[in-house]
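# Build me a model:
(one chain, ligands or ions: 1)
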Amino acid sequence: MQDSLQQAREMINEIDAQMAELFEKRMSAVRQVLAYKRKHQLPILDASREQIVIEKGCALIQDPELKPYYEELLIKQMELSRRYQQVLLETK
Ligand SMILES: C=C(O[C@@H]1C=C(C(=O)O)C=C[C@H]1O)C(=O)O
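Numbers count the residues shown, from 1 in each chain. Reported below is the predicted structural model:
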């Protein structure tokens, strides 16, 4: 039991490390999007793009039970992305 708990948590640690790396990469791409928006005076929020991100993302999830959780994660991620863009816009 101890062993299987430890194994599962090690797997979670590895997955979290990969996700942290991907999160930084995503935010780097977000900075590039912001540079374009700044240049062309576009708003941070693009609701139609967010809908596409959600649809494409959820289509990648195999287990239907997990789809609503993943959708929530994507929504939160984009909210953070917009907050980050707002901070960059105000400070840099
Ligand atoms: C990054 C963008 O800005 C916002 C954040 C998004 C995201 O994090 O995926 C998507 C749409 C926008 O509301 C974008 O327009 O692509």
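# alpha carbons only for contacts and neighbour counts from here, please
OK.
# So the residue most central in space within the chain versus Gln7, what's the distance?
The C-alpha lying nearest the average C-alpha coordinate of the chain belongs to Gln77 (Cα atoms, centre = their mean; 3.9 Å). Gln77 sits 28 Å away from Gln7, taking Cα to Cα, to the nearest Å as the criterion.
# just Gln62 next, same as before
Taking Cα to Cα as the criterion, Gln62 is separated from Gln7 by 24 Å.
# cool, Ala59 as well?
29 Å.
# Val33 now?
Using Cα to Cα, one obtains 39 Å as the distance from Val33 to Gln7.
# Next: Pro64.
With distances defined as Cα to Cα, the gap from Pro64 to Gln7 amounts to 26 Å.
# Apart from its chain neighbours, what residue comes closest to Ile44?
Here the nearest residue to Ile44 in space, its sequence neighbours aside, is Arg82; by Cα to Cα, 6 or more residues apart in numbering that works out to 6.4 Å.
# how many neighbours does the one you found have?
Neighbours of Arg82 under the rule other Cα atoms under 10 Å: 17.
# cool, and the one 3 residues further on?
The criterion is other Cα under 10 Å. On that basis, Gln85 has 20 neighbouring residues.
# follow-up on the earlier one: quick one, which of Gln62 and Gln7 is more surrounded?
When Gln62 and Gln7 are compared for neighbours, Gln7 comes out ahead with 12 against 9, by other Cα under 10 Å.
# could you say which helix or strand contains that one?
Taking DSSP states H and E as the criterion, the element that holds Gln7 is helix 2-39.
# and Ile44, how many neighbours?
With other Cα under 10 Å as criterion, Ile44 counts 16.
# Just say helix, strand or coil for it.
Using DSSP: H, G, I helix; E, B strand; the rest coil, the secondary structure recorded for Ile44 is coil.
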